[in-house]
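1. one predicted model, sequence on top.
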Protein chains: 2
Amino acid sequence: MELNQNIHVAVDAIVFGYTAGKLHVLLIKQKYGLLKNKWALVGGFVKDDESLVDAVHRELYEEAGIRVNYLEQLYTFGDALDRDPRGRVISVAYFALVNSTTLELKADTDAEDAAWFPIDAVPDELAFDHAHILRTAHQRLQSKLTYQPVGFDLLPERFLFSELEHLYTTILGKEIDRRNFRKKMLSFGIVEETNEFGDKKSGRPAKLFTFNKLKYNELVENGFLFEINFA
Amino acid sequence: MELNQNIHVAVDAIVFGYTAGKLHVLLIKQKYGLLKNKWALVGGFVKDDESLVDAVHRELYEEAGIRVNYLEQLYTFGDALDRDPRGRVISVAYFALVNSTTLELKADTDAEDAAWFPIDAVPDELAFDHAHILRTAHQRLQSKLTYQPVGFDLLPERFLFSELEHLYTTILGKEIDRRNFRKKMLSFGIVEETNEFGDKKSGRPAKLFTFNKLKYNELVENGFLFEINFA
DNA sequence: ACAAAAGTGTTAATCTTACACCCATGT
DNA sequence: ACATGGGTGTAAGATTAACACTTTTGT
């Protein structure tokens, strides 16, 4: 095309994981460039013959060696002309969730290091406008939690009800009535009791539950809306 | 930057207006190129030194001579590599609303013609993947209507309650209980009665109402959530 | 026996739904 | 007087919110 445009297109992924009862985010320490040694979101330039999602998956794999559980486009950051010191770059940001069982990471070419940070302990200064992007993603997660069953994508396939409860209270930063929460969540019919028990240090043994995604999709077809709120 | 990337960045705007009791969308007849004479959304390439929103406003002004009332980023379309026959182009799509009082249009350089189409009578074949983008935007409008007071951006500053009612039923394609709708809408305290009357052909004269945006913003600060649903 | 977390019901208050008649104007 | 759309209240049903004690296990 003869058009003389000099704008570059990147993708960035905000990957959330829930481990040790805390929300974590995946960051990469920059290996080269002006921002060397700063922490940044996983991301990079899109190839000419590659779709945006493919680019995200590629970067996630190359830079951190992970496959995500949930991925959706978040927002395209392209209003600040100087958001990248190397030139005009717009970033299509994606929001991703991984379930905490395998948080294995392998550092690779583009990254000196990849690590999970608790959301309340990310480095003060992130590269580019990534602090801003992260804030946006965190808000999206919070609101999404109430009207889409994304919490399950952060938990292992089998989980304790108390873990689910705790995930909600931690991420939303709100207290919750255990009885009402359980009643409401079970009333949807998308969370099922297994007959296994989780292993815990103390207290009464607790059953493991699973999320029935097929059932959920089926209900959605018929106009079901997931919604979980509490004062 | 030495990076050799050959991806172009465009913006497109889906502009909705509500006139004559119907939802309309703004389209432009292509003047040049392979898609000459096809109808398309307002849009074009982003300049190197221009933010994305600025690009949208510029295109809206250049191609249709309008200023919009509400604008938000919708989605970035960049997965189909062949969505634009001219090369690899990703489009950051914006969702816009204009209030129906002034739907003046002036055609200009990039467009042979600009016109409003009723949403249920858009041309069968739109340029690029614009039919798809339009569908996405239409869904966004429908869902947004229920949890954000965007309906007011489609109406004149002073409007009849029946117009508001009608806007909801038309756009959502649902029936509605007039009494319950009015009660709920008024209960928020963001719609105010003026002491003027609208002019109508027949029936009892009806008061004009206004949307108090300041009040709404104030309420939102304090955690208010607009929500309007009906079976 | 005690510490720790799991599991479980009821009631009051609020919100939602369904429903129909009178009112003010123009013709 | 009649046609047209505007304006209004109430009661039943559904949902949400508030609240505390018993159970099962490990130590």
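-> Received the coordinates, thanks. Numbering: from 1, shown residues only, chains lettered A, B, ... in the order given.
2. what's the distance between the closest residue to DNA strand C within chain A and DNA strand D?
-> Going by Cβ to the nearest atom of the strand, DNA strand C is nearest to A:Gly203 of chain A, at 2.5 Å. (Glycine included, C-beta is placed from N, CA and C.) Distance of A:Gly203 to DNA strand D, given as Cβ to the nearest atom of the strand, to the nearest Å: 6 Å.
3. over to A:Glu59?
-> Taken as Cβ to the nearest atom of the strand, the span from A:Glu59 to DNA strand D is 40 Å.
4. number of nearby residues for that residue?
-> 24 (other Cβ atoms under 10 Å in any protein chain shown).
5. what helix or strand does it sit in?
-> According to DSSP states H and E, A:Glu59 maps onto helix A:52-59.
6. quick one: the residue of chain A found nearest DNA strand D from chain B, how far?
-> At 2.8 Å from DNA strand D, A:Arg204 is the closest residue in chain A, using Cβ to the nearest atom of the strand. Using Cβ to the nearest Cβ, to the nearest Å, we find A:Arg204 at a distance of 37 Å from chain B.
7. show me what the helix or strand bottoming out on mean pLDDT in chain A is packed against.
-> Within chain A, no helix or strand scores below strand A:111-118, which has a mean of 83 by mean pLDDT, DSSP states H and E. On a contact count with 3 or more Cβ pairs under 8 Å, 6 or more residues apart in numbering or on different chains; DSSP states H and E, strand A:111-118 meets strand A:22-30.
8. what about the helix or strand following the strand it packs on, average pLDDT?
-> Counting by DSSP H and E, the next helix or strand C-terminal to strand A:22-30 is strand A:39-40. Averaged across strand A:39-40, the pLDDT comes to 97.
9. show residues contacting strand A:39-40.
-> Strand A:39-40 is contacted from outside by A:27-30, A:117, A:122-123, A:126-128, A:130, using Cβ atoms under 8 Å, 6 or more residues apart in numbering or on different chains.
10. of these, the lowest pLDDT goes to which?
-> Lowest in pLDDT among the contacts of strand A:39-40 is A:Gln30, which has 90.
11. coming back round to it: what is the distance between the least confident helix or strand of chain A and the centre of its chain?
-> 15 Å (Cα atoms, centre = their mean, to the nearest Å).
12. downstream of the longest helix seen in chain A, the next helix or strand is which one?
-> Criterion DSSP state H: the longest helix present in chain A is helix A:130-147. Once the chain leaves helix A:130-147, the next helix or strand it forms, by DSSP H and E, is strand A:159-160.
13. counting residues, which strand of chain A comes out longest?
-> Looking across chain A with DSSP state E, the single longest strand is strand A:8-19.
14. what is that one packed up against?
-> So strand A:8-19, by 3+ Cβ pairs under 8 Å, 6+ apart, packs with strand A:22-30, strand A:42-45, helix A:52-59, strand A:89-97, helix A:130-147, helix A:161-172.
15. and it, what's buried?
-> Neighbour counts over strand A:8-19 (16 or more other Cβ atoms under 10 Å in any protein chain shown) mark A:8-18 as buried.
16. so what angle separates the directions of that strand and strand B:8-19?
-> Using axes from the mean of the first three to the mean of the last three Cα atoms, to 10 degrees, the inter-axis angle of strand A:8-19 relative to strand B:8-19 is 80 degrees.
17. and the angle for strand A:8-19 with strand A:22-30?
-> Relative orientation of strand A:8-19 versus strand A:22-30 (the same axes, to 10 degrees): 140 degrees.
18. in stretch A:65-84, what counts as buried?
-> If you call a residue buried by 16+ other Cβ under 10 Å, then stretch A:65-84 has these buried ones: A:66, A:68-71, A:73-78, A:81, A:83-84.
19. can you put those in TSV and add distance to DNA strand C?
-> Below are the buried residues of stretch A:65-84 laid out as TSV (distance: Cβ to the nearest atom of the strand, whole Å):
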residue	distance to DNA strand C
A:Ile66	29
A:Val68	28
A:Asn69	23
A:Tyr70	25
A:Leu71	30
A:Gln73	31
A:Leu74	29
A:Tyr75	30
A:Thr76	34
A:Phe77	36
A:Gly78	38
A:Leu81	44
A:Arg83	41
A:Asp84	45
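20. sweet, I'm off.
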